[in-house]
Each structure stands twice: as C-alpha cells, then as structure tokens.
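Chemist: return a 3D structure for these sequence lines:
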Amino acid sequence: MVLRKDEFTEDRLARRALIAGQAAALGLSFYLSYRLLPGYRPLLRSGPSSLEPFHEYAWLLLAVFPLWYLLMERYGLLSARKIPVGEMASATLRVSALGLAALALVIFATKSEAMSRLLIFGFALLSVPATIAARCGLMAWLSARRTHTHHIVRAVVVGTRCRAREFVRAVCATPDSGYELAGCFDPEPENAPAEVEGIPLLGSTEKIGAYLFAHPVDLVVVAMPPHRVPDFRERIDEALTLGLRVAVLPDFYVRHLGTPTDEPSMHLEPVAGFPAMSFSNVEHSFSYLAAKRALDLTVSATLLTLLAPVFLLLALAVKLTSSDGPVFYRWSVVGVNRKPFIGYKFRTMLPNAEQLKAALLQQNEMQGPVFKLRHDPRITPLGRMLRRYSLDELPQLWSVLKGDMSLVGPRPPFEEEAQRFEFWQRRKLSVKPGITCLWQVNGRNEIRSFDQWARLDLEYIESASLWLDCKILLKTIPVVLRGRGAY
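Modeler: Numbers count the residues shown, from 1 in each chain. Model prediction:
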C-alpha cells in the first residue's frame with residue numbers, strides 16, 4: 001500500500017505540477033510554431049515569409065494560458081487521476097479545436113492584422129502532442145514519487161477494537177491508499193486479538209516508545225479514546241520527541257490530551273479519508289519543502305552534468321590506485337524515520353575495511369555511537385586526499401537527485417549507529433538526511449562529542465528555512481576548498 005504523507009498536500013502538488021507542466025508545453029508549442037513558420041509559410045503561399053520579432057506575437061499567450069486552463073479543467077486534463085490514452089487524446093483534441101476557435105474570435109475582436117493565422121494554426125496543432133507528452137511525463141513522475149519510500153507513510157495504530165478495525169479495514173481496502181500499517185498496540189494485549197483485520201498486534205501501549213525508536217515509523221494513529229490508554233500523554237511525548245506525527249481519530253478525542261487546540265503544530269487533516277487532528281513538533285511548510293526540493297533538483301542535476309569529467313577522472317584514479325576493490329562504496333544507511341536506503345561514495349578505504357574495523361573500535365575518537373579515527377589505517381593515500389576535500393562525497397548528488405537525500409540535512413547514520421542513539425538523538429532522523437549541515441560548517445573534525453553533533457542537527461531541524469539552507473551551502477564551499485573535510 002502506498003500512501004501520500006499528506007493527501008491534501010500531495011493532491012495540491014500534483015495539480016500544481018500539471019498546471020505548470022501544461023503551461024510550459026503550451027509556451028514551447030507557441031514558440032516552436034513561430035520558429036517553424038518561415039519554413040512552411042511560403043509553401044502555402046500565405047504572404048511574405050518574414051516575421052516580426054517574437055515579442056510582437058507573445059502577447060497572445062496572455063489569452064492562451066487562461067483559455068487552455070479553463071478548457072483543460074473542463075475536460076479533466078488537470079486532474080491527477082489516471083485517464084485512458086484514447087480518452088486523453090480525444091479530450092486534448094477537443095481542447096485544441098475549441099481553443100483555436102476562441103483565439104480566432106480574440107484576433108477578430110482585437111482586429112489584429114499583424115497576427116499570423118498560420119502561427120495560431122501551427123500552435124494549435126503542436127499543442128496536442130506537446131500537452132499529451134507533458135501530461136504523460138508528469139503522471140509518470142508523480143507515480144514514481146508516490147511510490148518512493150520517503151512518500152510511503154508507515155503507521156502504527158493505537159487500539160484494536162471498533163474504531164481501529166474500521167480504520168485498518170478502510171486502509172487495506174484501498175490498494176493505493178498510501179499507508180503501510182506496521183501493527184497495532186493495545187492497553188490490554190492479553191484481552192486483544194492477535195490480529196486486527198490481518199494487521200498484527202505488536203504488544204502493550206507501554207512498548208510504543210521502544211518500538212518507535214527501533215523501527216521505521218512515520219505516523220502514530222490513535223484509534224481509541226485517549227483517556228483509556230495508561231500514561232497517554234507520556235506515550236504521545238515519546239512519539240513527538242522522535243519527530244513523528246500523531247493523528248487522533250476522530251478529532252473530538254483531542255480534548256483529553258490536555259493540549260491547547262490552537263497550537264500552531266496542530267491542524268485538521270484527512271488520514272485515509274478520516275478526519276483527524278494531527279500535530280507534530282517537526283513542522284515545515286509546503287512552500288519550504290517544495291522550494292527545498294526544487295533547489296535540490298536544480299543543483300544536483302547541474303553539478304552532475306558539469307562534473308561528469310571529474311567523476312570519470314576520480315573513478316579512474318580510484319581504480320588505478322586500488323584495483324582490488326570497486327570504484328564506488330555502497331553506503332547502506334538509514335534516512336527519514338529510520339527508513340533504509342543505499343547511497344554511494346567514491347571508495348577511500350581498503351577493500352576489507354569492514355573486517356578491519358573491529359580491531360580499531362577501541363581507538364574511536366568520537367564520544368558516542370559514531371566511529372571516527374583521524375589516522376585511520378584503512379584509508380588509502382588517494383582516499384585521504386579525496387576525504388580532505390570531500391571529493392569522495394560527490395556521488396551523493398545522485399542520491400539527492402533521486403530524493404533519498406537533500407543537499408542540506410543531518411548526516412545519515414549506519415543502522416548499527418542508529419541502534420545506539422539515545423532516545424532524544426533519534427529525532428535527528430525525522431527529516432531527510434543531507435550532504436552538509438550545521439555540523440559540517442561548525443567545527444566538524446574538531447567536534448568529538450556525538451551529543452554536540454546531534455544538538456547541531458536538532459538546531460537545524462527546529463529552525464530550518466530556505467535561507468538557512470542557502471547559508472549552510474555557501475559556508476560549505478570555503479570549508480571544502482580549505483581542505484577541512486572528513487578524516
């Protein structure tokens with residue numbers, strides 16, 4: 001089951017993406033018609049082949065965009081629902097024909113003698129394949145985005161009785177509901193069924209905190225009266241401390257929490273079609289997340305293209321200086337809410353580095369679960385240079401492009417490191433991990449306490465903004481150029 005983390009947000013994102021994509025397709029079609037016009041205009045003997053500058057015609061786009069928007073809305077082409085190819089082609093042809101007729105009326109009403117009829121006709125023809133291609137491409141992207149692990153909501157349910165069964169049944173009955181239910185908790189597990197509509201009972205509500213800490217979970221759904229859960233406020237605080245969302249079904253249960261309902265972190269939202277009061281202490285606006293993702297895509301795609309020759313040279317250097325091992329190190333780490341993913345770095349260590357690590361653990365220079373050793377004997381001579389200037393981390397741009405990571409965010413830990421986190425440290429996994437963050441630009445190698453490192457990550461999570469992201473990226477550049485990379 002694949003659920004969008006916030007149905008309202010995802011629907012809004014899909015709609016905005018379709019509108020923007022179709023507008024771009026229309027603008028491109030209009031420009032292509034202008035560029036192609038000198039070629040086919042003489043063939044039709046429709047006057048001189050010379051054209052006025054493009055800006056003399058571009059004003060018509062002020063009519064094209066709203067007109068095509070209304071027509072596409074009318075025929076459902078701006079909806080994120082799946083449309084059969086035949087139906088989509090038919091609707092697109094109708095939009096083009098009606099739009100062409102409407103534009104003819106606009107030109108007639110404005111008595112524009114300079115506007116080429118062939119330009120308009122060519123635009124109407126080109127807009128059909130362009131808008132179909134744009135919609136197909138965007139729908140494929142949206143589908144891939146929804147099935148990405150970071151957009152799958154993994155939830156646990158508090159409760160096993162009527163309300164919980166109703167919720168679980170509704171989620172399971174909808175193949176693309178978007179939720180993955182890990183299991184249920186009950187205050188009295190000895191009196192509860194072993195399964196709730198096929199979803200396993202995970203134990204007593206007293207064990208919620210330990211389970212959330214050790215497993216990938218995004219959401220806690222409370223499907224029973226909170227006052228019937230022992231130490232309910234403590235259970236909720238455990239989830240919030242980890243940076244998870246909590247949704248109470250239905251919303252009138254919220255009055256039992258002792259939490260003011262006018263808190264900025266609390267809002268009403270649909271959860272699998274159920275109205276729920278949702279609250280979290282990790283709240284970032286849709287506009288910030290959208291802008292952050294746009295920045296990630298733009299920068300990562302640009303750098304991957306520009307640095308392709310550098311990637312090739314570094315790959316050859318790694319292979320020539322250490323031919324026994326692979327060029328890339330497969331970085332198996334955990335991301336948002338402990339969800340695993342595979343990242344990549346240029347290999348900087350001996351091929352048997354993992355086997356040698358056990359003998360070096362006593363020399364760890366970092367206080368906490370992370371292993372750091374300044375003069376690590378497993379690092380190759382080339383690897384030491386790559387690490388000093390952070391060149392080994394360049395392949396992480398691919399993880400940013402895919403959406404596993406962001407340019408700015410807490411460093412993703414290994415699974416064995418995450419298992420050793422203290423409870424409060426686990427909250428650093430509540431946002432997408434990144435290549436650089438406050439730790440990298442505030443001492444990095446001079447910081448020997450993981451507690452201090454984690455506090456810097458939490459400071460970033462609490463005050464994250466696009467301005468802060470840009471400031472961290474700009475501060476990272478001189479840090480890298482001065483060779484203050486990882487050891």
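
Chemist: so which residue is dead centre in the protein?
Modeler: Nearest to the geometric centre of the chain sits residue 403, at 5.3 Å (C-alpha atoms, centre = their mean).

Chemist: stretch 197-204 - what's its average pLDDT?
Modeler: Stretch 197-204 carries an average pLDDT of 92.

Chemist: could you do stretch 478-486 as well?
Modeler: 74.

Chemist: tell me how many other residues surround the nearest residue to residue 333 once chain neighbours are set aside.
Modeler: Leaving aside its sequence neighbours, residue 333 sits nearest to residue 412 (C-beta to C-beta, 6 or more residues apart in numbering; 4.0 Å). Heads up, the C-betas are built off the backbone N, CA and C, glycines and all. For residue 412, the neighbour count with other C-beta atoms under 10 Å is 26.

Chemist: and residue 412, what does it touch?
Modeler: 331, 333, 334, 335, 341, 343, 405, 433 (C-beta atoms under 8 Å, 6 or more residues apart in numbering).

Chemist: mind running it again at 6 Å?
Modeler: With contacts defined as C-beta atoms under 6 Å, 6 or more residues apart in numbering, residue 412 is in contact with 333, 335, 433.

Chemist: ok, of the residues you listed, which one's closest to residue 134?
Modeler: Checking the contacts of residue 412 against residue 134 with C-beta to C-beta, the nearest one is residue 335 at 30.6 Å.

Chemist: so what's the residue count around that closest one?
Modeler: 25.

Chemist: now do the one 5 residues further on
Modeler: A total of 15 residues lie near residue 340 under the criterion other C-beta under 10 Å.

Chemist: report pLDDT for it.
Modeler: 91.

Chemist: ok, and the closest non-adjacent residue to it?
Modeler: residue 334 (5.2 Å).

Chemist: is it true that that neighbour touches residue 418?
Modeler: Yes: between residue 334 and residue 418 there is a contact under C-beta atoms under 6 Å: 5.3 Å.

Chemist: who touches residue 30 in this structure?
Modeler: residue 123.

Chemist: next, work out how far apart residue 88 and residue 73 are.
Modeler: Distance, residue 88 to residue 73, by C-beta to C-beta, to the nearest Å: 15 Å.

Chemist: so these two - more neighbours on which side?
Modeler: When residue 88 is set against residue 73 and neighbours are counted by other C-beta under 10 Å, the residue ahead is residue 88, at 19 against 13.

Chemist: helix or strand: which one has the more buried one?
Modeler: Assigned by DSSP states H and E, residue 88 belongs to helix 85-110.

Chemist: now that helix: buried residues?
Modeler: For helix 85-110, the neighbour count (16 or more other C-beta atoms under 10 Å) marks 88, 91, 92, 95, 96, 98, 99, 102, 103, 106, 107 as buried.

Chemist: and the next element down the chain from the lengthiest helix in the chain?
Modeler: In the chain, with assignment by DSSP state H, the single longest helix is helix 7-40. Moving toward the C-terminus from helix 7-40, the next helix or strand (DSSP H and E) is helix 55-58.
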